[in-house]
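1. got a structure for you, letters missing:
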């Protein structure tokens with residue numbers, strides 16, 4: 001590994017992102033750190049994504065056109081297989097990076113050679129330079145530690161757009177789980193189980209929100225996968241951590257059900273949350289709020 005300037009493989013999964021991908025590519029091209037290659041994995045797009053990429057004409061960009069798989073984890077694994085860098089990073093084809101994102105992560109991994117990976121802060125946006133909400137409340141400083149338990153305490157944001165890891169970590173952590181359509185947090189937890197991490201709290205990743213976001217379209221699958229994930233690692237977690245993780249997950253799922261007008265489902269999830277924290281009044285408040293919403297809606301229907 002080139003200790004002074006290791007190559008970073010930037011992997012970009014893409015599907016019908018012709019409206020955004022040029023901005024994403026420019027976000028990588030504008031990085032202050034220059035030793036990178038870009039691997040764009042097109043998942044069978046039927047728009048003009050390929051034409052836009054080819055028009056840019058950068059020999060550091062490798063465009064791979066695939067038949068439609070629809071499994072982002074498989075696309076990311078294919079990107080890893082076609083990459084050559086000592087370090088690996090990801091960015092979605094509609095997101096953006098701060099210009100010094102790669103540089104600061106490379107420097108952090110050089111400063112802490114025993115760390116297997118590095119995450120950064122970031123924020124969601126709809127309009128450029130207008131943050132909606134941040135991944136972490138803290139916006140400066142860093143930690144270097146074992147974050148495995150933190151992943152189950154809502155202290156780690158599981159976005160691969162903010163991730164950089166050493167290629168050799170794959171030997172212990174494995175690749176993305178292709179049996180799950182959304183396995184980003186699984187992959188980060190697997191890294192955390194095997195290696196120490198660095199979290200840079202400066203916002204360096206900008207995650208675009210729009211109607212075609214995978215997370216937005218698959219909100220139910222995301223929560224059910226969250227349940228499976230906690231169950232998978234439950235024996236390795238202290239009871240208080242696993243119970244609190246289930247509690248938060250069911251509360252959040254219930255809130256999402258309310259947003260989608262699934263009130264009976266919301267009440268069911270709040271009751272499940274209560275099972276994991278029987279002395280908490282939060283589930284009762286949530287149930288009362290849901291019942292009040294039902295009472296308000298009924299007169300308007302009659």
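-> Arrived safely, thanks for sending. Quick caveat: nothing in here was measured; it's all calculated off a predicted structure.
2. now what about stretch 243-251, what contacts it?
-> 152-154, 223, 226-227, 230, 237, 269-270, 272-273, 276-277, 280, 282-283, 286 (C-beta atoms under 8 Å, 6 or more residues apart in numbering). Yep, even glycine has a C-beta here, placed from its N, CA and C like the rest.
3. from these, which ones fall inside strands?
-> Using DSSP state E to define strands, no part of the contacts of stretch 243-251 is located there.
4. of those residues, buried ones?
-> 152, 223, 226, 230, 237, 269-270, 272-273, 276-277, 283, 286 (16 or more other C-beta atoms under 10 Å).
5. on that earlier part again, which ones among the contacts of stretch 243-251 map onto helices?
-> Mapping those onto helices (DSSP state H) picks out 223, 226-227, 230, 269-270, 272-273, 276, 282-283, 286.
6. pick out whichever of the residues you listed sits closest to residue 135.
-> residue 226 (16.9 Å; C-beta to C-beta).
7. now the nearest residue to that closest one once chain neighbours are set aside: which helix or strand?
-> Of all residues not flanking residue 226 in the chain, residue 249 sits nearest, at 5.1 Å (C-beta to C-beta, 6 or more residues apart in numbering). Assessed by DSSP states H and E, residue 249 sits inside helix 239-259.
8. buried set for that helix?
-> Residues of helix 239-259 classed as buried: 241-254, 256-258 (neighbour count, 16+ other C-beta under 10 Å).
9. one step back: which of the ones in helices among the contacts of stretch 243-251 sit farthest apart?
-> Across those, the longest distance by C-beta to C-beta is 19.9 Å; it joins 230 and 286.
10. A helix includes residue 120, no?
-> No: assigned with DSSP: H, G, I helix; E, B strand; the rest coil, residue 120 falls outside any helix and is strand.
11. residue contacts, it?
-> Residue 120 makes contact with 101, 104-105, 162, 199-205, according to C-beta under 8 Å, 6+ apart.
12. for residue 139, same thing?
-> 121, 201-203.
13. just the residues you listed: which are in strands?
-> Short answer: those in strands (DSSP E) are 121, 201-203.
14. give me the distance from the helix holding residue 249 to the chain's centre.
-> 18 Å (C-alpha atoms, centre = their mean, to the nearest Å).
15. may I have the beta-bridge partners of the residue nearest to residue 133 when sequence neighbours are not counted?
-> Excluding the flanking residues, the one nearest residue 133 by C-beta to C-beta, 6+ apart is residue 124, at 5.4 Å. Note on residue 124: beta-bridge partners residue 133, residue 207, judged by DSSP bridges.
16. now do the buried residues in stretch 145-165.
-> 147-152, 156-165.
17. so what would you say the end-to-end distance of stretch 271-281 is?
-> The first residue of stretch 271-281 is 11 Å away from its last residue (C-alpha to C-alpha, to the nearest Å).
18. ok, now stretch 10-25?
-> Stretch 10-25: ends 10 Å apart by C-alpha to C-alpha.
19. got the contact list for that stretch?
-> The contact list for stretch 10-25 (C-beta under 8 Å, 6+ apart) reads 28, 36-49, 52-53, 56, 58, 61, 68, 72, 75-76, 79-80, 83, 88-96, 102, 208, 212.
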